[in-house]
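K.L.:
Compute the structure for the input listed below.
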Amino acid sequence: MLPLLRFSAVITALTLAACGGGGDDKPANRSSAASSSSMAASSIAISSAVTSSLTTSAVPSSMAPSSTALSSIAPSSTAVSSSSASTATVLVKINGTINGFTTDGDASTLDENQVQVTVHLLDKNEQVLASTTPIASDYSSSDELRFSADLSGAGATSIAVNVSAPGYTSFARKLDAENQINLDAKLQAIPVQTVVAGTATTASGLELSGFNIQVSADDDQQSNSLLINIPQSLLPDDTSSLDVAVRTFDPNSPEDAEFFPGAYADSDGNQLASVGFNFAEIKTNNNETLVTAMRKARQQKIAKAGGNQKAIAEEPVLINYQIPPQSCALLESLGDSAPNQSGFQIPVYTYNPASGLWDLIGQGTLYNEAAQQVPATQTVFNCATEIFTLEILVTNEIFQREWWNLDYPLAFNQPTDYCANIQLKNPDGQALTGINGFVMDNDDNFNFASSFFTTDSNGNASIRIAQSNMAPDLEAEVIFFDESEFGYVTHKVTLSTNCVNSPVQQLVLTRPQLCEVSGNFIYESGAPVNRNFVYGFTGQNSSIFGFDFTTSNTQGNYRLNLPCGGEYTILNFAALIAQPDEEPMQVTRIDGNLDSDELSDNGAQVVMKTEVIKHSQPVVTGMYDPATKALTLMAYSNFDTFPMSAQIKVKSLDGTTTIQSFSGNFTVDTSGDDEEMPFYFMGNLIRTIELPATDSGYSLEITFVDALGKTWTGVPGVVGVL
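P.N.:
This next block holds a predicted model:
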């Protein structure tokens with residue numbers, strides 16, 4: 001009976017605020033404490049759905065074709081809020097690569113049509129100034145996807161980037177708004193397990209029924225054990241199983257820390273020291289997200305209760321999270337986070353992709369292997385011989401977000417800033433711009449929170465860490481992750497209280513210095529060419545190897561990033577297909593000298609001359625299935641020419657007899673180009689008609705009117721027979 005009484009008491013406590021505390025110099029959960037009432041639904045109402053709700057079609061007006069800022073801005077970018085006119089406008093150029101990996105860490109190919117990228121530009125109050133959704137471009141000979149985005153806003157201080165694909169962990173990062181930021185997003189596949197209803201024993205000894213999602217630390221792909229109990233009552237009656245992708249991470253491991261989302265900071269302004277974090281993507285057997293299914297179940301209950309929402313009491317979700325062994329040092333350093341609650345408490349957060357910060361949702365209680373609460377006064381945790389598990393009760397709103405985190409907010413009574421200035425160069429002495437680094441306190445005592453930084457145009461970055469001035473840690477580890485594999489290099493840097501004029505510490509990283517090559521595509525009418533695939537590769541006279549690819553944006557602009565000092569050929573595929581008898585190439589030497597194909601070249605940024613793309617006639621083909629009488633027609637053309645209206649004649653193969661005539665519309669498949677005709681976009685038209693039997697096929701004669709206002713008369717085509 002006692003476990004049930006405790007369980008009921010904790011359910012009641014879900015609506016109460018947790019209290020913080022701590023000694024003179026002990027980090028304590030102070031400013032975040034009042035937020036634990038955010039266990040209510042309103043606290044985490046901003047979910048990953050925010051990512052898709054902040055997209056419109058405006059693009060910064062500063063991106064004129066002749067500007068050196070020409071780039072592959074996303075097809076949708078918008079200013080969401082405004083700042084004072086006196087605040088300086090900040091322009092941020094983001095260059096990203098996206099790599100997929102299997103559960104074993106091997107490279108895998110991502111479907112670019114399934115990848116979603118969102119970038120938010122934020123002000124100092126974490127308000128969204130502008131958002132954009134760049135297209136993830138692919139190239140057939142590369143496993144990488146790439147994207148570019150430009151955002152500008154008055155008073156911008158940071159960006160929040162989110163990259164996701166079904167079946168993979170998402171990539172999320174919050175960084176200062178440097179002029180140039182190069183991102184390497186790694187998405188790792190997660191095996192999906194099917195879970196049916198059953199019972200499980202929790203860390204506190206409770207026997208709970210429902211859907212029990214269990215992850216074992218014995219699995220090489222997991223960092224620690226996890227149990228998620230979802231009561232059957234929270235789901236619709238027809239839910240028979242759940243498809244679950246879950247991955248746990250150890251923040252003490254650099255390999256795992258690379259996946260840490262956002263920043264090591266919460267929405268109350270605290271820096272965070274992570275104990276452990278995890279990713280979860282859960283769907284029902286009806287292929288509904290857990291949030292959708294739970295809302296449906298609640299609506300059904302309300303309807304049965306005659307619309308009385310207050311009469312609906314919901315069971316909480318219970319989570320057991322095994323503490324990673326290395327995080328036990330953090331428990332010893334920081335202790336119980338909520339002295340007013342029974343036992344040893346650790347705060348629990350969920351990740352807000354719009355702000356790039358973590359929102360507190362409550363406290364978890366620590367248990368030992370004997371199912372006993374760990375006392376708040378415990379100061380020694382021997383994780384080499386004993387397992388400790390955090391038991392967390394939360395509302396089902398937690399499933400609105402994919403990332404959860406166990407953190408201590410670091411708050412000191414008298415914090416002191418410890419700083420280091422670094423400059424990052426390659427072995428040739430060239431400054432490396434826009435490189436992301438990771439700083440961590442990788443020793444037995446946790447004195448400061450981990451953080452990310454980005455190098456500026458001179459390869460410089462300032463590291464600023466708040467910690468206690470009692471026995472401070474004067475050494476930090478700086479980590480740079482490899483661009484294409486699971487790997488990293490480390491450097492030690494020395495911290496000091498001299499944050500005004502700290503000596504520059506030189507760090508060397510074997511990467512090329514990148515320069516910017518940009519340009520613009522227009523049709524003969526002057527209209528911009530959108531989603532034109534373009535790549536740059538090493539020219540014949542260059543000893544420096546480089547390759548990059550992208551697609552043009554809604555203004556016809558593109559940006560490539562290629563190693564400085566080389567010669568490169570710039571090839572665009574709209575010209576290659578539309579005018580094969582012409583040379584669809586330009587040449588650039590990034591050397592400060594103006595070449596014939598360049599508008600400008602200052603040795604770091606090159607703007608190519610605007611290229612005019614021929615507005616070409618659509619290519620048409622089709623297939624007829626006599627069994628279903630389905631005629632499928634495919635029209636191939638540039639993205640901007642869709643939708644197309646069409647007057648269609650189906651004729652005998654020799655073209656002498658018209659069999660059927662009808663009209664219809666071809667609408668582009670916006671997910672990307674077609675496999676049969678790469679770099680062209682395709683529009684389908686399907687019609688059920690009866691055609692005379694033949695094994696040889698039929699011919700087509702079509703009049704098109706495309707989206708650019710061009711009429712194409714008598715376009716030929718051939719229809720095959722299945």
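
K.L.:
rest of the way, CA atoms for contacts and neighbours
P.N.:
OK.

K.L.:
Give me the contact list for stretch 418-430.
P.N.:
Residues outside stretch 418-430 that contact it (C-alpha atoms under 8 Å, 6 or more residues apart in numbering) are 431-432, 455, 458-467, 474, 493-499, 502-513.

K.L.:
rerun that using 7 Å as the cut-off
P.N.:
431-432, 459-466, 494-499, 502-513 (C-alpha atoms under 7 Å, 6 or more residues apart in numbering).

K.L.:
now stretch 538-547
P.N.:
Against stretch 538-547 from outside (C-alpha under 7 Å, 6+ apart): 536-537, 562-563, 566-569.

K.L.:
let's go with 8 Å and repeat that
P.N.:
So stretch 538-547 is contacted by 535-537, 562-563, 565-569, 587 (C-alpha under 8 Å, 6+ apart).

K.L.:
Mind picking the two most distant members of these?
P.N.:
Distances among the contacts of stretch 538-547 were taken as C-alpha to C-alpha; the most separated pair is Tyr535 and Gly565, at 17.4 Å.

K.L.:
Which of the contacts of stretch 538-547 sits closest to Ser142?
P.N.:
Tyr535 (12.1 Å).

K.L.:
In ChimeraX, select just the buried ones from the contacts of stretch 418-430.
P.N.:
Entered in ChimeraX, the line below selects the buried ones among the contacts of stretch 418-430, by 16 or more other C-alpha atoms under 10 Å:
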select :431,432,459,460,461,462,463,464,465,466,495,496,497,499,507,508,509,511,512,513
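
K.L.:
Which ones among the contacts of stretch 418-430 map onto strands?
P.N.:
460-466, 494, 504-508 (DSSP state E).

K.L.:
helix/strand/coil for Lys301?
P.N.:
Look at Lys301: counting by DSSP: H, G, I helix; E, B strand; the rest coil, its state is helix.

K.L.:
ditto for Met294
P.N.:
Secondary structure of Met294, per three-state DSSP, is helix.

K.L.:
was I right about it contacting Gln232?
P.N.:
No: applying C-alpha atoms under 8 Å, one finds Met294 not in contact with Gln232, separated by 10.1 Å.

K.L.:
who's in contact with Leu560?
P.N.:
71, 516-518, 535-536, 548-550.

K.L.:
Compare the residues you listed and tell me which is most surrounded.
P.N.:
Greatest neighbour count in the contacts of Leu560, by other C-alpha atoms under 10 Å, goes to Ser71: 32 neighbours.

K.L.:
Quick check: pLDDT value at that residue.
P.N.:
Per-residue pLDDT puts Ser71 at 30.

K.L.:
And for Thr713?
P.N.:
96.

K.L.:
and the nearest residue in space to it that is not next to it in sequence, what does it touch?
P.N.:
Excluding the flanking residues, the one nearest Thr713 by C-alpha to C-alpha, 6 or more residues apart in numbering is Thr703, at 4.4 Å. Contacts for Thr703 were tallied using C-alpha under 8 Å, 6+ apart; they are 646-648, 711-715.

K.L.:
Report the two of the residues you listed separated the most.
P.N.:
Once C-alpha to C-alpha is applied, the contacts of Thr703 give Ile648 and Thr711 as the farthest pair, at 13.5 Å.

K.L.:
Show me which of those two is the more surrounded one.
P.N.:
More neighbours surround Ile648 than the other of Ile648 and Thr711, with 18 against 15 (other C-alpha under 10 Å).

K.L.:
Could you check how far the more buried one is from Ala693?
P.N.:
Distance check for Ile648 against Ala693: by C-alpha to C-alpha, to the nearest Å, it reads 19 Å.

K.L.:
thought Glu281 was touching Trp403?
P.N.:
No: in this structure Glu281 lies outside contact range of Trp403 using C-alpha under 8 Å: 9.1 Å.

K.L.:
Could you check which of the two is surrounded by more residues?
P.N.:
Trp403 (27 against 22).

K.L.:
Tell me the pLDDT of the more buried one.
P.N.:
pLDDT at Trp403 comes out at 94.

K.L.:
now swap in Phe639 and tell me
P.N.:
pLDDT, Phe639: 90.

K.L.:
likewise Lys492?
P.N.:
95.

K.L.:
Excluding covalently adjacent residues, which one is nearest to it?
P.N.:
Glu477 (4.8 Å).

K.L.:
Contacts only, for the one you found.
P.N.:
So Glu477 contacts 439-442, 490-493 (C-alpha under 8 Å, 6+ apart).

K.L.:
Is it possible to get TSV of the residues you listed that adds distance to Asn665?
P.N.:
Listed next are those as TSV, based on distance: C-alpha to C-alpha, whole Å:
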residue	distance to Asn665
Val439	55
Met440	57
Asp441	60
Asn442	61
Thr490	57
His491	60
Lys492	62
Val493	63
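
K.L.:
Now that we have those, which of them are buried?
P.N.:
Buried among the contacts of Glu477 (16+ other C-alpha under 10 Å): 439-442, 490, 493.

K.L.:
partner residues bridging the residue nearest to Thr713?
P.N.:
Gln647 (DSSP bridges).

K.L.:
The residue nearest to the spatial centre of the chain in helix, strand or coil?
P.N.:
Nearest residue to the geometric centre of the chain (C-alpha atoms, centre = their mean): Val163, 1.7 Å. Three-state assignment for Val163 (three-state DSSP): strand.

K.L.:
Can you give me the distance of it to Asn95?
P.N.:
Taking C-alpha to C-alpha, one finds Val163 at 13 Å from Asn95.
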